[in-house]
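Student: Here you go, sequence then predicted model.
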Amino acid sequence: MLKNKKIALYVTGGIAVYKVVDLMRSFIKNGAQVRVAMTDSATKFVTPMTFQILSRHEVYVDTFSENNPAHVSHVDLSDWADISIVAPATANTIGKMAYGLADNFVTSALLATASPIFVVPAMNTDMFENPATQENIQTLKNRGVYVVDPDTGFLAEGYEGKGRYPENERILEELENFIMTKDMTLPLRGYKILISAGGTKERIDPVRYITNDSSGKMGHAIAEAAYQYGAEVTLVTTSALNASKAIERVQVDSAKAMFEAIDERFDDLDILIMAAAVSDYGVAHPATSKMKKEDYSKLLNIELKENPDILKTMGQKKKNQFLVGFAAETDHLEEYAVKKLAEKNLDLIVANEVGKEDTGFDSDDNQVVIFTKEHQRLEVQKTKKTEIARRLLDKIIEELDHHS
Ligand code: PMT
């Protein structure tokens, strides 16, 4: 997400300055270009030289040390940046930003900044909770500036309180989310997409169920990729795998619960991708308490009932939604996949050979053939599921462009 992003990092004077050195290194590790400006007080905590060596660029401190007559540094920096980050942000600098003051390099550049601004306040708890600071923060938020909520914990003053500089990991996560919401150029920006993932569980009794080997890796990879492409993502999943916080996660277990979760959202969707391995049959009469050994005769004769075919039902209901299915097959892969594409009224299907050790169910890799409604065929050789997810979304985007 930060790859090739131009980040102007504004460092203001607080004990947390030393932690910002690491924050800057993570920006660089993630492929961003970073330029640093510091207030005089920030330079009392860590020298500009540290930031200069790590960013491999001059650090701006003095508004009037204009070395190049062809440029005005603070305006150049604000024009150059894709995003500006103030970390740590003192109560003083936040106040100046709120009032539009420009009395040093940092505040002058920030006042000249038109691109998105992300602020990480860190200060004494009383300064943070002072109504003046709170009002200033609110003013910034009202202008669309993103303000990270500080941590509560042990402060430099030797007592507990709110105002602590948060873990860099949280800052990075919130920053990526913020960038996503601001980047209007992402290919799936404005699209609502729902992805299903994992194998459904059909309860026999409260402790036993019928399921399959689907881990949810494929569906979760698609959900992450769709989110990275700017879509508003809902993930209906049976899996315990993680998902980014910005993804709406709906945890389900049975095919029936998955059907209900998808059905109630379907009218609002632009794209539905069914990567879940949905059980075609469920248990007709699941026991409400744990079956005993003596009941095992019942277990040997479990009566099954047909589950709803989610994709087929959505295929019948669809208006403008773009529908994508997966076909997990051990034989006649392409033939069965194309048949399912037609039967379920899909726009695209991913033929996925299963029953192999190193691809398909519960592996990090996959190998698929994608078919469009017009029987266009795209083979994706064995690669990571994260890459398959991107290739699939690229194909969907191409199809959407084609049909719009
Ligand atoms: O989760 P992983 O371990 O990463 O594994 C990924 C995967 C192999 C499960 C995935 O890539 C995959 O192939 N998913 C589809 C599995 C499947 O149920 O295939 P199917 O051919 O039985 O079903 C065809 C399509 O109809 C699928 O999109 C399925 O989600 C959908 N379906 C099936 C039955 C049903 N009752 N309702 C449905 O919506």
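Tutor: Ah, there it is. All values derive from a computational prediction rather than experimental measurement.

Student: could you measure the most centrally placed residue in the chain against the ligand, distance?
Tutor: The residue lying closest to the centre of the chain (C-alpha atoms, centre = their mean) is Ser244, at 4.4 Å. Distance from Ser244 to the ligand, counting by C-beta to the nearest ligand atom, to the nearest Å: 17 Å. Bear in mind the C-beta positions are built from the backbone N, C-alpha and C, glycine included.

Student: Does the nearest residue to that residue once chain neighbours are set aside fall in a helix, a strand, or a coil region?
Tutor: Leaving out its chain neighbours, the residue that sits closest to Ser244 by C-beta to C-beta, 6 or more residues apart in numbering is Tyr227, at 5.7 Å. Applying DSSP: H, G, I helix; E, B strand; the rest coil to Tyr227 yields a three-state assignment of helix.

Student: tell me the contacts of the residue nearest to the centre of the chain?
Tutor: The contact partners of Ser244, taken as C-beta atoms under 8 Å, 6 or more residues apart in numbering, are 177, 224, 227.

Student: circling back: which ones are touching the residue nearest to Ser244?
Tutor: By C-beta under 8 Å, 6+ apart, the residues touching Tyr227 are 180, 233, 244, 246-247.

Student: re the thing from before, among the contacts of Ser244, pick out the one closest to Asp358, please.
Tutor: Nearest to Asp358, judged by C-beta to C-beta, of the contacts of Ser244 is Glu224 at 21.6 Å.

Student: Model confidence score at the closest one, please.
Tutor: With respect to pLDDT, Glu224 scores 96.

Student: before we move on, what about Tyr60?
Tutor: Value listed for Tyr60 in the pLDDT field: 94.

Student: now Phe64
Tutor: pLDDT at Phe64 comes out at 68.

Student: ok, now Asn68?
Tutor: Asn68 is assigned 67 on the pLDDT scale.

Student: do the one 3 residues further on as well
Tutor: If you check His71, the pLDDT there is 67.

Student: Around the ligand, pick out the residues from the protein.
Tutor: Residues of the chain lying close to the ligand (C-beta under 6 Å from any ligand atom) are 198, 214-219, 255, 274-278, 280, 307, 309-311, 325-328, 340, 352, 354, 360-362.

Student: now with 5 Å?
Tutor: 214-218, 274-278, 307, 309-311, 325-328, 352, 360-362 (C-beta under 5 Å from any ligand atom).

Student: buried subset of those?
Tutor: 214-218, 274-278, 307, 309-311, 325-328, 352, 360-361 (16 or more other C-beta atoms under 10 Å).

Student: for the stretch 51-200 of the chain, what spans make up the strands?
Tutor: Here the stretch 51-200 of the chain has its strands, by DSSP state E, counting those that start in this stretch, at 83-89, 117-121, 146-147, 151-154, 160-164, 192-197.

Student: As JSON lines, the ones you listed with mean pLDDT, mean neighbour count and distance to Lys317 would be great.
Tutor: Formatted as JSON lines, the strands of the stretch 51-200 of the chain follow (pLDDT from 0 to 100; neighbours: other C-beta atoms under 10 Å; distance: least, C-beta to C-beta, whole Å):
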{"stretch": "strand 83-89", "mean pLDDT": "98", "mean neighbour count": "26", "distance to Lys317": "41"}
{"stretch": "strand 117-121", "mean pLDDT": "98", "mean neighbour count": "25", "distance to Lys317": "41"}
{"stretch": "strand 146-147", "mean pLDDT": "98", "mean neighbour count": "20", "distance to Lys317": "38"}
{"stretch": "strand 151-154", "mean pLDDT": "88", "mean neighbour count": "13", "distance to Lys317": "46"}
{"stretch": "strand 160-164", "mean pLDDT": "91", "mean neighbour count": "18", "distance to Lys317": "49"}
{"stretch": "strand 192-197", "mean pLDDT": "98", "mean neighbour count": "26", "distance to Lys317": "13"}
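
Student: now those strands as a markdown table including distance to Ser108?
Tutor: A markdown table is the format used below for the strands of the stretch 51-200 of the chain (distance: least, C-beta to C-beta, whole Å):
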| stretch | distance to Ser108 |
| --- | --- |
| strand 83-89 | 12 |
| strand 117-121 | 14 |
| strand 146-147 | 21 |
| strand 151-154 | 30 |
| strand 160-164 | 26 |
| strand 192-197 | 41 |
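
Student: Tell me the secondary structure at the residue lying farthest from the centre of the chain.
Tutor: No residue in the chain sits farther from the centre than Glu294, which is 49.0 Å out by C-alpha atoms, centre = their mean. Under three-state DSSP, Glu294 falls in the helix class.

Student: got the contact list for the helix or strand of the chain with the lowest mean pLDDT?
Tutor: Across the helices and strands of the chain, the lowest-confidence element by mean pLDDT, DSSP states H and E is helix 296-300, at a mean of 75. If you take C-beta under 8 Å, 6+ apart as the criterion, helix 296-300 is touched by 204, 208, 287, 291.

Student: Equivalent analysis for stretch 364-381, please.
Tutor: Here stretch 364-381 makes contact (C-beta under 8 Å, 6+ apart) with 217-218, 333-334, 337-338, 341, 346-353, 358-360, 382-385, 388, 391-392, 395, 399.

Student: repeat that for 6 Å
Tutor: Contacts with stretch 364-381, where a contact means C-beta atoms under 6 Å, 6 or more residues apart in numbering, come from 338, 341, 347-352, 359, 382, 384-385, 388, 391, 395.

Student: Which of those residues sits closest to the ligand?
Tutor: Each of the contacts of stretch 364-381 was checked against the ligand using C-beta to the nearest ligand atom; the closest is Asn352, at 3.7 Å.

Student: residues touching that closest one, list them.
Tutor: 326, 328, 368.

Student: Switch those over to JSON lines; also include secondary structure and pLDDT.
Tutor: Output for the contacts of Asn352, formatted as JSON lines (DSSP: H, G, I helix; E, B strand; the rest coil; pLDDT from 0 to 100):
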{"residue": "Phe326", "secondary structure": "strand", "pLDDT": "98"}
{"residue": "Ala328", "secondary structure": "strand", "pLDDT": "93"}
{"residue": "Val368", "secondary structure": "strand", "pLDDT": "96"}
